[in-house]
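Asker: Kindly generate the corresponding structure for this input.
(2 chains)
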Amino acid sequence: MGEFSKSRSEFLAQITRPSAACRAELLTLTDNWITKLAIEAGVDQINGALVAVGGYGRGELSPGSDLDLLLLVPPSANPDLISVVADKLWYPIWDEAIKLDHSVRTVAQARTMAAEDLKVALGLLDARTVYGDDSLRENLSAQVLADWSSTGEKRLPELRSYVQDRMARNGELAHLLEPDLKESFGGLRDIGILSGIAATGIAEVDQTGLAQAHQFLLDVRDALHLVTKRATDRLALQEQQEVAQLLGIESDDALLRAVSSAGRTVSYISDLTWHRVKHQGVKSRKRILRRKVTESQISDETPLAFGVIVLDGEVVLSETAQPSEDPILVLRAAAAAAQNGLRLHPDTVKTLAIESAIMPEPWPLEAREALVSLLGAGQLALPVWEALDQYEIFSKLVPEWAVVRAAPQHNPLHTFTVDRHQVEAAINSSTMTRRVARPDLLLVGSLFHDIGKCRNRDHTEVGVELMPAIARRLGFNEKDTEILVKMVQYHLLLPDVATKRDPEDDATVEYVADIVQDHDFLEMLHALSEADSRATGPAVSSEWRLSLISDLVSRVHAVLAGDEVLPLPELDPKRLEVGADGDIEVVLDPISSLPTITISAPDATGLLAACAGVLALHRLSVRTATTQTVGNRAVSVWGVTPQFGDMPSTQEIARDLRLILSGQLDISARLVRRREDMFGIGFNYPPARILVLEDVSVRATVLELRAHDFPGLLRIVAQAISAVEVDIIAARVATLGSEAVDVFYVIDKSAGGAHLSPDRTSQVRTSILQALDLNNAPD
Amino acid sequence: MKLITAIVKPFKLEDIKVALEGCGIHGMTVSEASGYGRQRGHTEVYRGAEYTVDLVPKVRIEVLVDDADADSVVTTIVDAANTGRIGDGKVWVVPVDSVVRVRTGERGSEAL
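Answerer: Okay, the predicted model is just below:
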């Protein structure tokens, strides 16, 4: 062992707690040795400079780090002499068995390399002279920075693709049980990349908590190197206890929670920064296209929901928004951001975290729907969820969440921490919302299926104890609460039975059928099992394993009784008195959480479409609707929420309905334009699904539409049904978050009011799907 | 030494593991498998509902044993895996020339 290695080993051996001070001392020790070597090698003779780049340049030496050194030489230096000096430099380093990345270049050569290789460019941005002529390094730094800034718009997409590849290979630091401190997304590599992005000046990098997370991750890496005596960056389970001890952290669980928290900060800032890079790119192109317009004209300040606007591609609060008086605002803003594929501005999140009024219990309907809508946005919900998590906002809304937040799981089958596992399960569920009759319960049940974890008892038992209070707090009624509790209780039923009991045995199938009781719950449990398996990890989500579950589910469906009979919906007799004189009448009946509008009008083909259209025109979101035909009148009752501000007057609604029915007001173009404004980002929601419920009604054929909701959906569907001469005699509409489950009772007008034949059913189905397609419904 | 390979119904895995542990076998390799035997192409009728069987999910169990233990281990697996119904699976035995335990370098029976 050489002299330097010996003194380095002695220094490392006496470290009792890794820290920034230790790193600074190791850096000084290393710099002194390199300086001595540079003097002995004759760097002065060639007027060169020995420059540290990359992590060594930033002064981030861990015990196992290699040394990135660049011998910078003037163009006039003698090549033979350079070769002699370089040999005298590198050989002693190799002889000490120190890992070395080395190069010898002129400023021009280094600049060319930086232009060709992204990693070289990033490394040179951190160049620092260890010994020699600093003017050479200054010259190089200035040129590399100027090149980097001027070509940023071209090079950042390349860098983004590199980051995405790394994330695909190494996962996310915050949610892995064995994360790579450097390469996982949110790790040390991303902190360096953030500096690189900031250097381009293209996007602002939010600094909140970044320095603290950076220092902590460096401390953990130092401890890991000291414990393993290797230059590994993967924090393997077997090392976590010892690393925690060295850092003075109470347990391996506490260590992983702290690493997760730091990783979350970095990945959140990275994600936001990359979103800004993308948006800034779009904006600068817009500016070129619209060079002649004024600044105010290119502002993209767009209202998104009540109190929520889009400003420069990020979701912020409007000037009139009052978080201290509007407890739902935080969830409304989150849902609106996720549904539109946008990010919440960090200052908005901070304001909401500090100023939001306490959510009343039970939550108002709008709050619950916003949560469902947020989860229903699928992958787009993740960055928004992470933004809320920076200030632990969800733990404030649902205190039980705090226990599972960033909690590790000691199970090799699991990939994610407990909280992220549940969020992933909910996101997976969002792709299966068409398979179930209650997408809202599927999403919320998935989000809480493991809520009983981390409490030192069987997590299912604890979950069953916790879930009733959570469901009631969220405002679910007793029936829905029972379903949610049952989902938590039986979330492992299907995988357990499918893999451990004989599916061909009648007793096995009957055992499951006795528990699930009906098709709807079986479908819900099936979707939850699949979402849960996929969120757990590849070991339990192979197609092989999922096929075992599907086979069991098919067998259970076969033994369950047929679908229940669905009687035609009947309205409260008081509602039927509205418009008894036969004219159009609109009555507003504001009730506790959902304003209700009753519309009575002479029955006519297309009436339901016209009513739905007039409500959409007045920016009312339909949450529920029930229609009934009474003689030659149709009465419909609509539960609605205004998208912005107050309710319109009933006179305005009645006036516009008359105009629509008389053909004097065409609202199609207006609604399409409005929808295009909202759905300009590109979604990947599951496609609409139409179920024909056979033999469930004596009077009509029953069609159930499951689709992603958007303004005017009901109008388009009702119009498509009427367009093929099929009459809607009743309907029951429910919008659950952003998912619509609409049931239509239809009869064949051309066949004298009979049930639809298979051909006519197929015609209606095609008509609806074509109409949705023509209207660019999200799919 | 012999390598015993069993292709069995997935839900029988736990029973087989317990039975093998009972006769002193503590190590095995288990993998997911799909296939079909004589039941190829048939349609199962279950209370009026029909299911077309394509590739049927199975598990593949592999166990290395001494020559002397092979017969009893095969019998143990077969007993544990048997339901008497079609699709119970297959067990086969092949000779093994050499086995090395990677960690210690032990060879032959010592490595089992």
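
Asker: Please pull out the lowest mean pLDDT helix or strand from the chain.
Answerer: With no chain named, the answer covers chain A. helix A:668-678 (a mean of 72; mean pLDDT, DSSP states H and E).

Asker: right idea, wrong chain: chain B
Answerer: strand B:43-46 (a mean of 47).

Asker: List the contacts of residue A:17.
Answerer: Residue A:17 makes contact with A:246, A:247, A:248, according to CB atoms under 8 Å, 6 or more residues apart in numbering or on different chains. All C-beta atoms are positioned from the backbone trio N, CA, C, and that covers glycine.

Asker: Same list (those) but as JSON lines, adding distance to chain B.
Answerer: Output for the contacts of residue A:17, formatted as JSON lines (distance: CB to the nearest CB, whole Å):
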{"residue": "A:246", "distance to chain B": "27"}
{"residue": "A:247", "distance to chain B": "30"}
{"residue": "A:248", "distance to chain B": "33"}
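
Asker: Quick one: mean pLDDT for the lengthiest helix in chain B?
Answerer: Identified as the longest helix of chain B according to DSSP state H is helix B:70-81. Helix B:70-81 comes out with an average pLDDT of 96.

Asker: and what of stretch A:520-528?
Answerer: 96.

Asker: now check it, is it near chain B?
Answerer: No: using CB under 8 Å from any CB of the partner chain, stretch A:520-528 stays clear of chain B, coming no nearer than 13.8 Å.

Asker: Give me the distance from that stretch to the chain's centre.
Answerer: Chain-centre distance of stretch A:520-528: 23 Å, with CA atoms, centre = their mean, to the nearest Å.

Asker: Hmm, residue A:92 is touching residue A:37, no?
Answerer: Yes: the criterion here is CB atoms under 8 Å, and residue A:92 meets it with residue A:37 at 5.6 Å.

Asker: between those two, which one's more packed in?
Answerer: The residue with more neighbours, out of residue A:92 and residue A:37, is residue A:37; 22 against 19, by other CB atoms under 10 Å in any protein chain shown.

Asker: Enumerate every residue touching the more buried one.
Answerer: Residues in contact with residue A:37 (CB under 8 Å, 6+ apart) are A:88, A:89, A:92, A:93.

Asker: Kindly present the contacts of residue A:17 as TSV, with separate columns for secondary structure, pLDDT and neighbour count.
Answerer: Shown next, in TSV, are the contacts of residue A:17 (DSSP: H, G, I helix; E, B strand; the rest coil; pLDDT from 0 to 100; neighbours: other CB atoms under 10 Å in any protein chain shown):
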residue	secondary structure	pLDDT	neighbour count
A:246	helix	96	20
A:247	helix	97	20
A:248	coil	96	11
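
Asker: would you list every one of the helices in chain B?
Answerer: Counting by DSSP H, the helices of chain B are B:13-22, B:70-81.

Asker: Which neighbouring elements make contact with the longest one?
Answerer: In other words, helix B:70-81. On a contact count with 3 or more CB pairs under 8 Å, 6 or more residues apart in numbering or on different chains; DSSP states H and E, helix B:70-81 meets strand B:2-8, helix B:13-22, strand B:56-65, strand B:89-95.

Asker: Kindly report the residues of the stretch 351-500 of chain A close to chain B.
Answerer: So the stretch 351-500 of chain A meets chain B at A:498, A:499, A:500 (CB under 8 Å from any CB).

Asker: from those residues, which ones fall inside helices?
Answerer: Taking DSSP H as the definition of helices, these contribute A:498, A:499, A:500.

Asker: returning to that earlier point: just give me how far the helix or strand following the least confident helix or strand of chain A sits from the chain centre.
Answerer: Next in sequence after helix A:668-678, counting helices and strands by DSSP states H and E, comes strand A:689-693. Averaged C-alpha coordinates place strand A:689-693 at 30 Å from its chain's average position (CA atoms, centre = their mean).

Asker: what does stretch A:216-225 give?
Answerer: Per CA atoms, centre = their mean, the centroid offset for stretch A:216-225 relative to its chain is 29 Å.

Asker: Quick check: mean pLDDT of stretch B:92-104?
Answerer: Mean predicted lDDT for stretch B:92-104 stands at 93.

Asker: Only the buried residues of that stretch, if you could.
Answerer: Burial within stretch B:92-104, assessed by neighbour count using 16 or more other CB atoms under 10 Å in any protein chain shown, is assigned to residue B:93.

Asker: Contacts for that stretch, please.
Answerer: By CB under 8 Å, 6+ apart, the list of residues contacting stretch B:92-104 reads B:1-5, B:64, B:70, B:74, B:106-108, B:110-112.

Asker: Separate out the buried members of the ones in helices among the residues of the stretch 351-500 of chain A next to chain B.
Answerer: For these, buried by 16+ other CB under 10 Å: A:498, A:499.

Asker: Can I get the ones in helices among the residues of the stretch 351-500 of chain A next to chain B in a markdown table including pLDDT?
Answerer: As requested, those are exported to a markdown table (pLDDT from 0 to 100):
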| residue | pLDDT |
| --- | --- |
| A:498 | 93 |
| A:499 | 89 |
| A:500 | 88 |
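
Asker: How about the residues of the stretch 651-779 of chain A by chain B?
Answerer: Checking the stretch 651-779 of chain A against chain B by CB under 8 Å from any CB, there are no hits.

Asker: Show me the helices in the stretch 651-779 of chain A, by range?
Answerer: Taking DSSP state H, counting those that start in this stretch as the criterion, the stretch 651-779 of chain A carries its helices at A:668-678, A:713-723, A:758-774.

Asker: Could I get the ones you listed in a markdown table, plus columns for mean neighbour count?
Answerer: Output for the helices of the stretch 651-779 of chain A, formatted as a markdown table (neighbours: other CB atoms under 10 Å in any protein chain shown):
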| stretch | mean neighbour count |
| --- | --- |
| helix A:668-678 | 14 |
| helix A:713-723 | 24 |
| helix A:758-774 | 16 |
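
Asker: how about those helices, which one is nearest residue A:203?
Answerer: Nearest of these to residue A:203, taken as CB to CB: helix A:668-678 at 25.0 Å.
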